[in-house]
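Q: Give me a model of this one.
(one chain, ligands or ions: 3)
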Amino acid sequence: MKILKFGGTSVGSAESINALLDILKQGYEQGEKPIVVLSAMSGITNLLTKMAEEAEQGISFGPALKELESRHFTVVKQLIQIKNQNPVFTQLKIYLNELEDLLQGVLNLRELSSQSKDLIVSYGERCSAFLVSKIAAQYFPESLFVEASSLIKTDSNFGNARVDLQQSELLIRQFVQENPGKFLFVTGFIASNVNGRITTLGRGGSDYTAAIFGAALQAEAIEIWTDVDGMLTADPRMVKKAFPLPILSYTEAMELSYFGAKVIYPPTMIPAFMKKVPIVIRNTFNPSFPGTIIQYDSGRTSYPIKGISSINAISVINVSGSGMIGKAGFSGRLFSLLAHEQINIVLITQSSSEHSITFAVHPADALRAKHLIETEFELELLAKKLEPPVIENELSVLAIVGENMKQTPGMSGRLFHALGRNGINVRAIAQGSSEYNISVIISQADLSKALNAVHDAFFTALKKTLHVFNLGTGNIGSTLFRQLLEQEAFLRDNNDIQVKVVGMSNSRKMLFDVEGISLTSWQTELDSKGETACLETFISRMQQLNLPNCIFVDNTASEEPTKHYLKIFESNISVVTCNKIANSSSYAQYKQLRDTARRHGVDFFYETNVGAGLPIVRTLKDLMTSGDRIIRIEAILSGTISYIFNNFIGDASFHDVVKKAQALGYTEPDPRDDLRGTDFMRKMLILARDSGLAIEAKDVDLGAILPKTCLDAASVEDFYLELQKEAAYFDTLKEKAQRENRAIRYIGKLEDGKVSIALELVDEKHPFFNLSGSDNVISFTTERYKERPLVVKGPGAGSEVTAGGVFADLMNAGA
Ligand SMILES: NC(=O)c1ccc[n+]([C@@H]2O[C@H](COP(=O)([O-])OP(=O)(O)OC[C@H]3O[C@@H](n4cnc5c(N)ncnc54)[C@H](O)[C@@H]3O)[C@@H](O)[C@H]2O)c1
Ligand SMILES: N[C@@H](CCO)C(=O)O
Ligand code: NA
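A: Numbers count the residues shown, from 1 in each chain. Ligands and ions are numbered 1, 2, ... in the order given. This is a model prediction of the structure:
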């Protein structure tokens, strides 16, 4: 035997009643005749309450009564065959006339007792259960309408009556025995006292009716049919990835529903809990979905916790002072005071120093609680044994819930890692020794970010979603987008990671989409839907969205964005960049960036600042952190210049080779940055700083490649013209090299705290003689690599290798 309870939305209209009938018919074909408990049609209980309260004020209830009639009569017309309608209309009319008389009485007397209110409200369930039983009778002739008020007995606490479970269960069993083979349609919510007066069961009353029937008959299950798929892992309004839980224990369900999962009201489950009758949450409008089973034991699922609950708005009160230390009974006094005044305490923490107690209350109670404490502890406050209580507002509670946590170490670690990694400050923590709930208090502004980060940490098959804000959609930016798109499936299947580019901007346009901008059509979308670019707005939008696992990527060559890095770190967002400007301006800034990133626990990754995707920055960092010491660095770090001298042979003209290097994507957006040595200088400066030297750009001894006229060219166009004019200068250099069988190399050195870059002719014995394409090469001579240096060599410019390096940094920043 099963109990099926249908809530207001399931009996709210002809369509939903049809859905309900389909569910019953399916069971009926298999010989099932469950007991069906019904709520009032959606909205009717509120309407009845309003009518009663208004009648007491002298306000006419006529129009509302008409509305009530029409809601029910419409369903009769739609779902009952014409020939059967009359008796149904007649009974409904009887109910409505009784109701009218009652309301008229209230109106005349201008008096509404809670007893009359219960009676008035009871018509909601009586009308709906009667109506559904008559509709059902057309398919199931043994249908019987049951007014449960005669079976559930309570005290006389109208509005929220206490049930006499023993007597009620006895009456229910008797009734069912006396009506064998019947298909029962039972009113939810209503009961009666010893004198037979109608009472109601308070919040969640129809669930309670179902639970009482389930317990009385030791039902196989109680199914609560509603309009959602079950209890969810988290609040779906904030967590898009929330999903229905297959199985929960009663305790877990209590914990989760307490924090806002409004599917059932936990106290109603107690009778079922005591008899170990499982409760199943089902969706009337998605009946093939199995829903959530709430049973005695927790049951194993593939996740370490069952759900994340949250309370959006909470206030915290902190009581501290020396007067509390070692003083037994202080907290007793404090909390009985609050309990006496009906102030509900949501969470309590006290440190073992006993110097302070922090507790959370609903914001509406906070001020009252503070005043109560101030009055009660007036003497202690005067004697300065206690500090005045402090209220903090705009806070939220987030809790992870699950009975299996207690056998699983590392759960709180995972929780706090997800929060810390996203810069979410934890204000207070509570974990009961039962270990099935760990609660934290955080700022309300962080709740959505925290819920998503924690949900990712515990639930998603995907370990996480990285949210990327990308600046620069040129060579490198656009190549990165293509690589991300091509790698999407691999990342999902092998790394459990999803990368969403949620913001992008170039110097003209910017675009945002929290669901991720399509990396197939970003170009057209940016052009057609993009707003006019504004860096300030781009960054403040990123801060406001406050998304978890958020990374800012700078793929520009501009100074502007670098001015915002500090602010970005301060918002707990990591930065990945191929832009060298931030690291190569003043040493003070270089230092401040690192200090700020470290303080906020976020990453600053810039592998592509030196040698594009080649592992140079990382290698140097590993050497330094593992205690090696740099003796000497020798390097070719301009891909452009390397390419030029590798191809400036035979008949080739210098001008043409430079043009080619630019066309191949090796040069900076402005190729003069490469040929003047600025770009190389920046890289040497970054390496020198990363190896521990506090030096400035002016300290680098930068040798020139170009004659003065080219160095001074005012525009890129002029520059190319000058290169053509100076052809003879470059050809002389080329011929000298060829004559001596040597190669032209632009080589950077770092030794004894000095950095220099100079043009050299090297012979075939020199380790840098054999290079091709845009090759970079770097040789580290260190304490550990003294006899033979550690060498990294390979293509050090180009959009594929650079975007690839940015991509790898992105993955590390998201790790
Ligand atoms: N090409 C390489 O091999 C290589 C290697 C390593 C590093 N890098 C670095 O990559 C970066 C980008 O190079 P690229 O070749 O892609 O340049 P690019 O000129 O093709 O693209 C630059 C992009 O940045 C945008 N931009 C510039 N200023 C902006 C601002 N203030 N706000 C928003 N967007 C802005 C531009 O609109 C453009 O979309 C440079 O810093 C360069 O040093 C390049
Ligand atoms: N323009 C740069 C790109 C790599 O940083 C070069 O030629 O080396
Ligand atoms: Na690199």
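
Q: any idea which element residue 666 lies in?
A: Under DSSP states H and E, no helix or strand contains residue 666.

Q: hang on, it packs against residue 639?
A: Yes - with contact defined as CB atoms under 8 Å, residue 666 counts as touching residue 639 (4.7 Å). Heads up, the C-betas are built off the backbone N, CA and C, glycines and all.

Q: Residue 243: neighbouring residues, count only.
A: Residue 243: 15 surrounding residues under other CB atoms under 10 Å.

Q: Give me the domain ranges for the protein.
A: For the chain, the structural domains run 2-227, 307-446, 464-600, 617-797, going by automatic domain parsing.

Q: mind checking the SS state of the residue in the stretch 601-750 of the chain positioned nearest to ligand 1?
A: Proximity of the stretch 601-750 of the chain to ligand 1 (CB to the nearest ligand atom) peaks at residue 669, 3.5 Å away. Under DSSP: H, G, I helix; E, B strand; the rest coil, residue 669 falls in the coil class.

Q: wait, it sits on residue 477?
A: No - the pair residue 669 / residue 477 is not scored as a contact, 11.8 Å apart, by CB under 8 Å.

Q: quick one: which of the two has more around it?
A: Neighbours around residue 669 and residue 477, counted as other CB under 10 Å, are more numerous at residue 477. The numbers are 25 against 13.

Q: check contacts around that one.
A: Going by CB atoms under 8 Å, 6 or more residues apart in numbering, residue 477 touches 470, 471, 504, 506, 555, 803.

Q: Ligand 1 next: which of these are close?
A: Counting by CB under 6 Å from any ligand atom, 471, 506, 555 from these sit close to ligand 1.

Q: Please tell me how far residue 286 sits from residue 307.
A: 20 Å (CB to CB, to the nearest Å).

Q: that older thread, mind checking how far the residue of the stretch 601-750 of the chain closest to ligand 1 is from ligand 2?
A: 9 Å (CB to the nearest ligand atom, to the nearest Å).

Q: Pull the contacting residues for that residue.
A: 474, 557.

Q: Next one: it from residue 472, what distance?
A: Remark: distance between residue 669 and residue 472 (CB to CB) = 10 Å.

Q: Ok, residue 68 next?
A: Relative to residue 472, residue 68 is positioned 63 Å away (CB to CB).

Q: residues of stretch 604-624 that come out buried?
A: Within stretch 604-624, the residues scored as buried using 16 or more other CB atoms under 10 Å are 604-620, 623.

Q: so residue 305, which of the three states?
A: coil.

Q: That one and residue 406 touch, don't they?
A: No - using CB under 8 Å, residue 305 makes no contact with residue 406, being 11.0 Å away.

Q: neighbour count winner among the two?
A: residue 305 (26 against 13).

Q: How about the contacts made by the more buried one?
A: Contacts of residue 305 (CB under 8 Å, 6+ apart): 400, 401, 402, 404, 405, 411, 458.

Q: rerun that using 10 Å as the cut-off
A: Taking CB atoms under 10 Å, 6 or more residues apart in numbering, we find residue 305 in contact with 233, 252, 399-405, 408, 411, 414-415, 436-438, 454, 457-459.

Q: which of those residues count as buried?
A: Buried members of those, scored by 16+ other CB under 10 Å, are 233, 252, 399-405, 411, 414-415, 436-438, 454, 457-459.

Q: Looking at those residues, which are in strands?
A: Cross-referencing these against strands under DSSP state E gives 399, 400, 401, 437, 438.

Q: Residue 695: which element?
A: Per DSSP H and E, residue 695 falls between elements, in no helix or strand.

Q: Just give the nearest non-adjacent residue to it, would you?
A: Distance criterion CB to CB, 6 or more residues apart in numbering; nearest residue to residue 695, sequence neighbours excluded, is residue 688 at 5.5 Å.

Q: Report pLDDT for that neighbour.
A: In this model, residue 688 is scored at 98, pLDDT.

Q: Checking my notes, it in a helix, right?
A: Yes - with three-state DSSP as the criterion, residue 688 is part of a helix.

Q: any idea how far it is from residue 153?
A: Distance from residue 688 to residue 153, by CB to CB: 87 Å.

Q: now the helices: where do they sit in the stretch 151-300 of the chain?
A: For the stretch 151-300 of the chain, the helices defined by DSSP state H, counting those that start in this stretch cover 165-178, 205-216, 250-258, 270-274.

Q: How about the stretch 701-815 of the chain?
A: 708-711, 716-725, 727-739, 799-813.

Q: Deepest-packed of these, please.
A: Ranked by mean neighbour count, those are led by helix 799-813 with a mean of 21 (mean count of other CB atoms under 10 Å).

Q: pLDDT on that helix, on average?
A: 97.

Q: residue contacts, the nearest residue to residue 151 once chain neighbours are set aside?
A: Counting by CB to CB, 6+ apart, residue 171 is the residue found nearest to residue 151 once chain neighbours are left out, at 4.7 Å. Each residue near residue 171 by CB under 10 Å, 6+ apart is listed here: 148, 150, 151, 152, 153, 164, 216.

Q: Confidence-wise, which helix or strand of the protein is lowest on average?
A: In the chain, the helix or strand scored least confidently by mean pLDDT, DSSP states H and E is helix 250-258, which has a mean of 81.

Q: Kindly spell out which helices and strands sit in contact with that helix.
A: Applying 3 or more CB pairs under 10 Å, 6 or more residues apart in numbering; DSSP states H and E, one finds that helix 250-258 makes contact with strand 247-249, helix 270-274, strand 279-283, strand 292-295, strand 307-320, strand 390-401, strand 437-443.

Q: one step back: check the buried residues of stretch 604-624 against ligand 3, which are close?
A: 607, 610, 611, 614, 616 (CB under 5 Å from the ion).

Q: burial count for the closest residue to residue 191 other than its chain neighbours?
A: The spatial neighbour of residue 191 that comes closest, neighbours along the chain excluded (CB to CB, 6+ apart), is residue 152 at 3.8 Å. Neighbour count for residue 152, taken as other CB under 10 Å: 30.

Q: quick one: residue 152 and residue 169 touch, right?
A: Yes - the pair residue 152 / residue 169 is scored as a contact, 9.4 Å apart, by CB atoms under 10 Å.

Q: so what's in contact with those two at the same time?
A: Common neighbours of residue 152 and residue 169 (CB under 10 Å, 6+ apart) are 163, 212, 213, 216.

Q: would you list the residues you listed in JSON lines and tack on distance to ligand 1, neighbour count and pLDDT?
A: Output for these, formatted as JSON lines (distance: CB to the nearest ligand atom, whole Å; neighbours: other CB atoms under 10 Å; pLDDT from 0 to 100):
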{"residue": "163", "distance to ligand 1": "67", "neighbour count": "21", "pLDDT": "95"}
{"residue": "212", "distance to ligand 1": "65", "neighbour count": "27", "pLDDT": "97"}
{"residue": "213", "distance to ligand 1": "66", "neighbour count": "31", "pLDDT": "97"}
{"residue": "216", "distance to ligand 1": "70", "neighbour count": "26", "pLDDT": "97"}
